[in-house]
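Peer 1: Quick one, fold the following:
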Amino acid sequence: MFKKSFQRRRCVTWASGYYEWQAASSGKQPYYIHFHDHRPFFFYGLWQSWNDPKTEESKATFATLTTAPAEHLAFIHDRMPCIVEVDHTDVDRWLNHQDDDFEARHDLLRPYESHDLVATPVSTYVNSVRNRGPKCIEPV
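Peer 2: Below is the predicted model of the structure:
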């Protein structure tokens with residue numbers, strides 16, 4: 001289903017962190033997962049254009065690719081985004097659209113195992129998309 005996107009519509013998206021929720025008997029505990037020094041990173045992704053059937057307007061969308069979790073984060077969730085550091089040479093490999101061989105990039109879609117990536121429990125305040133600001137990443 002995603003063959004053409006893997007061949008010609010690869011992208012990366014900026015992030016400073018992401019959230020995952022750990023199931024618990026008292027509900028779900030959100031975690032803010034980020035680099036310990038708060039530097040930004042990229043998620044590997046795929047993009048697609050499509051026409052809205054109601055308006056015929058062209059829309060661009062993207063999907064973040066996920067993989068198995070890093071060993072030290074597996075207690076939270078059974079997946080994580082495919083992460084790459086901003087200045088890493090793998091970014092160029094991923095974005096090279098001259099080469100459409102997916103197998104040549106398959107090794108990039110792996111867990112980010114560095115312990116530079118940390119999980120901070122945060123308030124359920126993040127559970128609403130209306131809530132924004134520093135409170136979303138304050139440790140509890």
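
Peer 1: Run the chain-centre distance for stretch 79-90.
Peer 2: Taking CA atoms, centre = their mean, to the nearest Å, one finds stretch 79-90 lying 9 Å from the centre of the chain it belongs to.

Peer 1: What of stretch 65-72?
Peer 2: Taking CA atoms, centre = their mean, the mean C-alpha location of stretch 65-72 is offset from the chain mean by 10 Å.

Peer 1: ditto for stretch 17-34
Peer 2: Going by CA atoms, centre = their mean, where stretch 17-34 is centred and where its chain is centred differ by 15 Å.

Peer 1: Which residues belonging to that stretch are considered buried?
Peer 2: Under the neighbour-count criterion of 16 or more other CB atoms under 10 Å, stretch 17-34 has G17, Y19, E20, Q29, P30, Y31, Y32, I33, H34 buried. Heads up, the C-betas are built off the backbone N, CA and C, glycines and all.

Peer 1: how about those residues in JSON lines, adding distance to D78, secondary structure and pLDDT?
Peer 2: Formatted as JSON lines, the buried residues of stretch 17-34 follow (distance: CB to CB, whole Å; DSSP: H, G, I helix; E, B strand; the rest coil; pLDDT from 0 to 100):
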{"residue": "G17", "distance to D78": "19", "secondary structure": "coil", "pLDDT": "98"}
{"residue": "Y19", "distance to D78": "15", "secondary structure": "strand", "pLDDT": "98"}
{"residue": "E20", "distance to D78": "10", "secondary structure": "strand", "pLDDT": "97"}
{"residue": "Q29", "distance to D78": "15", "secondary structure": "strand", "pLDDT": "97"}
{"residue": "P30", "distance to D78": "16", "secondary structure": "strand", "pLDDT": "98"}
{"residue": "Y31", "distance to D78": "14", "secondary structure": "strand", "pLDDT": "98"}
{"residue": "Y32", "distance to D78": "18", "secondary structure": "strand", "pLDDT": "98"}
{"residue": "I33", "distance to D78": "14", "secondary structure": "strand", "pLDDT": "98"}
{"residue": "H34", "distance to D78": "20", "secondary structure": "strand", "pLDDT": "98"}
